[in-house]
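>>> Take this sequence and fold it.
(one chain, ligands or ions: 1)
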Amino acid sequence: MTILDKIVKDKRNEVDLRKSLIPTSQIEKSVLFARDTISLAERLKNSTSGIIAEHKRRSPSKSTINQNLNTQDVAKGYENAGVCGMSVLTDGKYFGGSLDDLLTARASCNLPLLRKEFIIDEYQILEAKAYGADVILLIASILTRYEIKQFSELAKSLHLDVLLEVHNEEELQKSIMSSLDMLGVNNRNLKTFDVSLNTSKQLSELIPNGFVKVSESGISSVDAIKELQPYGYQGFLIGESFMKTDNPGESASQFIKQLEA
Ligand SMILES: O=C(O)c1ccccc1NCC(=O)[C@H](O)[C@H](O)COP(=O)(O)O
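Residues are numbered from 1 along each chain as shown. Sure thing, here's the model as predicted:
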């Protein structure tokens, strides 16, 4: 069983439990459920840097990244740095995140927020909206084409942007549909954790125009972004590189200044 299989198995149990505790009707009554969302895709199209900065305490590939920071400081720091959006990991067991982190980030900044989660049920999309997200992530390797269609159409009906993540050509071909806004190529192989920017480079030409291209994971230098930009990437998701420092907002700020110099 791969780590991804384990995460998905645990996620099904976790979502079933939450569904039994909080009914959909209650989620839909939350104040944030009625909030006007902000489009990350539009921000990326109009940006010269395209940074999506992540809140990430730990991960299966790095047991500890940073356990000492508070989400409010990270969100405010990222906003002051001028990032286009913030990604908030909400998985508890493997990443040390929570829906409360999303809520705190929402209360602390006006950035478009991505709920970074292993979405396997429509219920999690309703939660994303209710806890202040503007964008959801769908991971092609854990979903069927039918699920990608159902989930992305639900997200669009709630005015959420959809970032679809792929790692290879097969996942990309199965997923392309008009209800997606952004196509993300994950440079980290989620089975082996190997990271290679070549994955983004190789898949770029297969992504149809009209989708905002996002390169995800393993980006730790301005040079990496300059290498990826000629392949049409407008968004760059960066987690560990910022979060491993004492001040992720300041690190993002220095990074963006260097990129735009
Ligand atoms: O980061 C992991 O180890 C990981 C393992 C299994 C599934 C997903 C994983 N990461 C989620 C992400 O996509 C990254 O957090 C995100 O792209 C940022 O990556 P990085 O800049 O390398 O922290």
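>>> need the residues of the chain near the ligand, please.
Contacts of the chain with the ligand, taken as CB under 6 Å from any ligand atom, map to 3, 54, 56, 59-61, 186, 188, 190, 193, 216-219, 237-241. Just so you know, the C-beta spots here come from the backbone N, C-alpha and C atoms, and that holds for glycine as well.
>>> Quick check: ChimeraX command selecting the buried ones in those.
In ChimeraX, this line selects whichever of these come out buried by 16 or more other CB atoms under 10 Å:
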select :54,56,59,61,186,188,190,216,217,218,219,237,238,239,240,241
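>>> Next step: the residues of the chain next to the ligand restricted to helices.
Here DSSP state H is the test, and these give Ile3, Glu240, Ser241 as lying in helices.
>>> isn't the second one right up against Arg58?
This points to Glu240. No - assessed by CB atoms under 8 Å, Glu240 is found out of contact with Arg58, at 9.8 Å.
>>> what residues are shared contacts of these two?
Taking CB atoms under 8 Å, 6 or more residues apart in numbering as the contact rule, Glu240 and Arg58 both touch Ile65.
>>> secondary structure class for Asp246?
Following DSSP: H, G, I helix; E, B strand; the rest coil, the label given to Asp246 is coil.
>>> Run through the residues that contact it.
Taking CB under 8 Å, 6+ apart, one finds nothing in contact with Asp246.
>>> How about the backbone phi and psi for the most centrally placed residue in the chain?
Centroid-nearest residue in the chain, with CA atoms, centre = their mean: Lys116, separated by 4.2 Å. When read as degrees, to the nearest 10, the backbone of Lys116 gives phi -90, psi 110.
>>> what do you get for Ile256?
phi -70, psi -40.
>>> and the residue lying closest to it once chain neighbours are set aside, what helix or strand is that in?
Among residues not flanking Ile256 along the chain, Ser49 sits closest, at 5.0 Å (CB to CB, 6 or more residues apart in numbering). Ser49 belongs to no helix or strand when assigned by DSSP states H and E.
>>> Ser49: neighbour count?
Ser49 sits with 21 neighbouring residues when counted by other CB atoms under 10 Å.
>>> Endpoints of stretch 150-170, how far apart?
Start-to-end span of stretch 150-170 (CA to CA, to the nearest Å) is 20 Å.
>>> what mean pLDDT does that stretch have?
Summarised as a single mean, pLDDT over stretch 150-170 is 98.
>>> ditto for stretch 73-88
Mean predicted confidence for stretch 73-88 is 98.
>>> next one: stretch 242-249
Per-residue scores along stretch 242-249 average to 97.
>>> could I get it in CSV with only the CA atoms?
In CSV, the C-alpha atoms belonging to stretch 242-249 read as follows (Å, rounded to 0.1, in the frame of the first residue of the first chain):
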residue,chain,number,x,y,z
PHE,A,242,9.2,29.2,3.1
MET,A,243,7.8,27.3,6.0
LYS,A,244,11.2,25.9,7.2
THR,A,245,12.4,29.4,8.0
ASP,A,246,11.6,31.4,11.2
ASN,A,247,9.6,33.9,9.2
PRO,A,248,7.9,32.5,6.1
GLY,A,249,6.4,35.9,5.2
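>>> Report the buried residues of that stretch.
Phe242, Met243, Thr245, Pro248, Gly249.
>>> Might you quantify the distance of that stretch from its chain's geometric centre?
18 Å (CA atoms, centre = their mean, to the nearest Å).
>>> what's the answer for stretch 200-211, then?
Worked out by CA atoms, centre = their mean, stretch 200-211 lies 18 Å from the chain centre.
>>> can you map out the helices along the stretch 151-261 of the chain?
Using DSSP state H, counting those that start in this stretch, the helices of the stretch 151-261 of the chain run over 169-175, 198-204, 222-228, 240-243, 248-260.
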